[in-house]
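Undergrad: could you work out the structure for the sequence below:
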Amino acid sequence: MSASPACFILIFLLCQLTASGALKELTGALGGSVTFPLTHSVNQIDSIVWLFNATTLATIQPKTADKQDNVIVIQNHNKKRVDFPRGNYSLKLSKLNKSDSGAYRVEIYSSLSQGPFIQEYELRVYEHLSKPKVTMGLQNNKNGTCVTNLTCSMEQGGEDVTYSWKSLGQATNEFHNGSIFPISWKLGEKNMTFICMARNPISSNSSNPIFAWKLCEGTTGKPDSIMVRSFLWLVFLFFVLVLVSFTLIMWRERGKESVEEKKRMDNHQEVLNYYPSSGETSEYDTISNLHKTIPEENSVNTLYSMVQIPPKGGNAPPTTHISRHTLAICV
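TA: Next comes the predicted model:
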């Protein structure tokens, strides 16, 4: 059934009553600000209305020859956050929070137009990403090969986050999209490093480097750790040898000092024995042979000491001096 001409006229009039622009998508950072750009072709503006989720946010009556702009912000908690800095009544919203995400709409009314000019926006507020977290799945080890999956995730602010992986340590760096990254590493191969990169519409961040040998250290070993441990053992043994050598040298020096001290004590004692003490009278007799009989004396009051003097030359026997010490006893 064909439509009447009156229907086409009605549809045309409805389209002329309301003019609107394409939907604009905006993103904002938590705690930051965003500006809703307003571009219109309306020559004479009578009033402007900004709405958020179908609720009036602010109204503006543009200035005239005798009046300044009249701006009314409906909700008190938005008065310090709403501004119109550009002079064309574009809306700037500051101190963004998560609840500011949603649909925004501006309606421009003019006496020269049969309907308002309408522009719609969609705002999404995102958090700045922190470091992503990497977890390891079940590990399978066969013939010295470690096979497992790495999973990258965000503890907070995980909206509209995309993940990718970068693998370093091979001839060419490899990239992998997705939060899950399967790896395979064999003992003896060159060590590999894996980095997870997370992105959202306002920020990006990377995980700490993940080393293949560390993931598989319990089963396939870690060559770098073995080298470090061997080096530490060598350093330890070196210090032990130095300590033992130092101790032996100290003991040897102390032994030499003890021997020299003992010699000095013996020499001092010999000197004391050689010289007669005060109160004694000494008589010296010379005998030509040590084996001759020593004359008898009173053993009670007489002491003898014997000294051998070597000859100055020839084959003459050594001369023996016997020192007789007579003790004077006072009664």
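Undergrad: how about Ser101, what does it touch?
TA: Neighbouring residues of Ser101 by C-beta atoms under 8 Å, 6 or more residues apart in numbering: Leu123, Arg124, Val125. Where C-beta positions appear, they are placed from N, C-alpha and C, glycine not excepted.
Undergrad: so how far is Glu127 from it?
TA: Between Ser101 and Glu127 the distance, using C-beta to C-beta, to the nearest Å, works out to 11 Å.
Undergrad: ditto for Gln75
TA: 24 Å.
Undergrad: more neighbours, those two?
TA: It is Glu127, of Gln75 and Glu127, that has more neighbours when counted by other C-beta atoms under 10 Å, with 17 against 13.
Undergrad: for the closest residue to that one other than its chain neighbours, helix, strand, or coil?
TA: Once flanking residues are discounted, Glu127 sits nearest to Gly157: 3.4 Å by C-beta to C-beta, 6 or more residues apart in numbering. Taking DSSP: H, G, I helix; E, B strand; the rest coil as the rule, one finds Gly157 in the coil state.
Undergrad: what's the local residue count around Gly157?
TA: Look at Gly157: counted by other C-beta under 10 Å, it has 18 neighbours.
Undergrad: shouldn't Trp213 be within a strand?
TA: No - under three-state DSSP, Trp213 falls outside any strand and is assigned helix.
Undergrad: before we move on, back to that, tell me which entries of the contacts of Ser101 lie within helices.
TA: Among the contacts of Ser101, DSSP state H puts none in helices.
Undergrad: between those residues, which is nearest Thr145?
TA: Arg124 (44.0 Å; C-beta to C-beta).
Undergrad: residue contacts, that closest one?
TA: Glu25, Leu26, Thr27, Gly28, Ser101, Glu159, Asp160, Pro201.
Undergrad: ok, of these, which come out buried?
TA: Buried members of the contacts of Arg124, counted by 16 or more other C-beta atoms under 10 Å: Leu26, Thr27, Gly28, Ser101.
Undergrad: surely the second one and Pro201 touch.
TA: Yes - applying C-beta atoms under 8 Å, one finds Thr27 in contact with Pro201, separated by 4.5 Å.
Undergrad: please identify every residue contacting each of the two.
TA: In contact with both Thr27 and Pro201: Arg124, Tyr126, using C-beta under 8 Å, 6+ apart.
Undergrad: narrow the contacts of Arg124 to those in strands?
TA: The members of the contacts of Arg124 that map onto strands under DSSP state E are Glu25, Leu26, Thr27, Gly28.
Undergrad: quick one: which of those is nearest to Asp66?
TA: Leu26 (35.9 Å).
Undergrad: give the closest residue to the closest one in space, chain neighbours not counted.
TA: Distance criterion C-beta to C-beta, 6+ apart; nearest residue to Leu26, sequence neighbours excluded, is Leu123 at 4.9 Å.
Undergrad: that neighbour: neighbouring residues, count only.
TA: Considering only other C-beta under 10 Å, Leu123 is surrounded by 19 other residues.
Undergrad: kindly state the beta-bridge partners for it.
TA: Beta bridges link Leu123 to Leu26, Gly102 when assigned by DSSP bridges.
Undergrad: what about the strands in the stretch 1-150 of the chain?
TA: Ranges of strands within the stretch 1-150 of the chain are 19-20, 24-29, 34-36, 47-52, 55-61, 70-73, 82-83, 91-93, 102-109, 117-126, 133-136, 140-142, 145-153, based on DSSP state E, counting those that start in this stretch.
Undergrad: looking at pLDDT only, which of the contacts of Arg124 scores worst?
TA: Across these, no position has a lower pLDDT than Glu159, which has 87.
Undergrad: list the contacts of it.
TA: Glu159 makes contacts with Arg124, Tyr126, Glu127, Asn200, as judged by C-beta under 8 Å, 6+ apart.
Undergrad: max pairwise distance over those: which two?
TA: Of all pairs drawn from the contacts of Glu159, the widest gap by C-beta to C-beta lies between Arg124 and Glu127 and measures 11.2 Å.
Undergrad: and Pro62, how many neighbours?
TA: Other residues near Pro62 number 16, with proximity taken as other C-beta under 10 Å.
Undergrad: can you list the domains in the protein?
TA: Domain ranges of the chain: 17-126, 133-220, 222-275, 280-327, per automatic domain parsing.
Undergrad: what does stretch 31-38 contact?
TA: Stretch 31-38 is touched from outside by 24, 26-28, 50, 85-86, 88-97, 104, 106, 119, 121, 123, with contacts defined as C-beta under 8 Å, 6+ apart.
Undergrad: 6 Å instead, please
TA: Stretch 31-38 is contacted by residues Leu26, Gly28, Asn88, Tyr89, Ser90, Leu91, Lys92, Leu93, Ser94, Leu96, Tyr104, Tyr121 when judged by C-beta atoms under 6 Å, 6 or more residues apart in numbering.
Undergrad: can you give me the buried ones in it?
TA: By neighbour count on 16+ other C-beta under 10 Å, the buried set for stretch 31-38 is Val34, Thr35, Phe36, Leu38.
Undergrad: closest to Ile195 out of these?
TA: Val34 (31.2 Å).
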